[in-house]
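Enquirer: what would the 3D arrangement of this be:
(chains A and B)
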Amino acid sequence: GQQVMQIPQYQHVQEGEDFTTYCNSSTTLSNIQWYKQRPGGHPVFLIQLVKSGEVKKQKRLTFQFGEAKKNSSLHITATQTTDVGTYFCAGPRYMEYGNKLVFGSGTILRVKS
Amino acid sequence: DSGVTQTPKHLITATGQRVTLRCSPRSGDLSVYWYQQSLDQGLQFLIQYYNGEERAKGNILERFSAQQFPDLHSELNLSSLELGDSALYFCASSVGNGELFFGEGSRLTVL
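Expert: Numbering: from 1, shown residues only, chains lettered A, B, ... in the order given. Okay, here's the model as predicted:
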């Protein structure tokens, strides 16, 4: 079945350093979504990418969707302590009557101040 | 506040017991999804309902069942509980195939 892999599993950075997490799907995706889960919290939607090669920015966050629509990345410039949490990518898997969003394993980001 | 309400927030029970987790989706959202999050695993899809009908199923155990009622709230029933069922159970809702809005989750501890 469709798998969504994320690397790295864990990253600990110094405040101010950059951070990148990568997402790879075994199949072509119609779109990819990114979520952030703060420690003790619930996943919160960040963004959805739809087009091949699409790049979107949200302040210090840059999201990219690969040309083949099988991979994606999230880059955070100059991390802050508020960036701490787990970042998940997710891709839809369409089934006969519905769909499920398949989540990657997540990248845990810790920021040292 | 995502607008998705889950109850209870915490639940402690014993092996062999049965529990029901409840979810009220955002107003207007017809789709409800259930996910399980264990400590060493990510978000595992369990099941999706759309306007009262089951639409997609993940690796949901036979001991687990769910339903969505006419008022669109959903319940996840977990029976014959085992220690390994201890996890965070999230409900999420969406309008269609777009972003998911997650509730705060129900933390189940099986002793």
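
Enquirer: from here on, just use CA atoms for contacts and neighbour counts.
Expert: Noted.

Enquirer: quick check, B:Gln44 in contact with A:Ser105.
Expert: No - assessed by Cα atoms under 8 Å, B:Gln44 is found out of contact with A:Ser105, at 9.5 Å.

Enquirer: which of these two has more residues huddled nearby?
Expert: Neighbour count, other Cα atoms under 10 Å in any protein chain shown: between B:Gln44 and A:Ser105, A:Ser105 has more, with 24 against 21.

Enquirer: how about the more buried one: what's its closest non-neighbour residue?
Expert: Nearest in space to A:Ser105, with sequence neighbours left out and distances taken as Cα to Cα, 6 or more residues apart in numbering or on different chains, is B:Gly42 at 4.9 Å.

Enquirer: for the one you found, what are its contacts?
Expert: Listed by Cα atoms under 8 Å, 6 or more residues apart in numbering or on different chains, the contact partners of B:Gly42 are A:Phe103, A:Gly104, A:Ser105, A:Gly106.

Enquirer: what pLDDT is listed against it?
Expert: If you check B:Gly42, the pLDDT there is 87.

Enquirer: which neighbours in the sheet does the longest strand along chain A have, and how are they oriented?
Expert: Secondary structure assigned by DSSP state E gives strand A:85-94 as the longest strand of chain A. Here strand A:85-94 is paired, per DSSP bridges, with strand A:32-37 (antiparallel), strand A:99-103 (antiparallel), strand A:107-112 (antiparallel).

Enquirer: render the CA-only coordinates of that strand in CSV, please.
Expert: Extracted as CSV, the C-alpha positions of strand A:85-94 are listed here (Å, rounded to 0.1, in the frame of the first residue of the first chain):
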residue,chain,number,x,y,z
GLY,A,85,6.9,20.1,17.9
THR,A,86,6.4,17.2,15.5
TYR,A,87,6.0,18.0,11.8
PHE,A,88,4.0,15.6,9.7
CYS,A,89,3.5,15.4,6.0
ALA,A,90,0.3,13.6,4.8
GLY,A,91,-0.9,12.4,1.4
PRO,A,92,-4.3,11.3,0.4
ARG,A,93,-5.0,7.7,-0.6
TYR,A,94,-8.3,7.5,-2.5
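
Enquirer: for it, buried residues please.
Expert: By neighbour count on 16 or more other Cα atoms under 10 Å in any protein chain shown, the buried set for strand A:85-94 is A:Gly85, A:Thr86, A:Tyr87, A:Phe88, A:Cys89, A:Ala90, A:Gly91, A:Pro92, A:Arg93.

Enquirer: which residues touch the residue lying closest to B:Gly58 once chain neighbours are set aside?
Expert: The shortest distance from B:Gly58 to any non-neighbouring residue, by Cα to Cα, 6+ apart, is to B:Leu46 (4.6 Å). Going by Cα under 8 Å, 6+ apart, B:Leu46 touches B:Tyr33, B:Trp34, B:Tyr35, B:Gln36, B:Lys57, B:Gly58, B:Asn59, B:Ile60.

Enquirer: ok, which stretches of chain B are helices?
Expert: Using DSSP state H, no helices are assigned anywhere in chain B.
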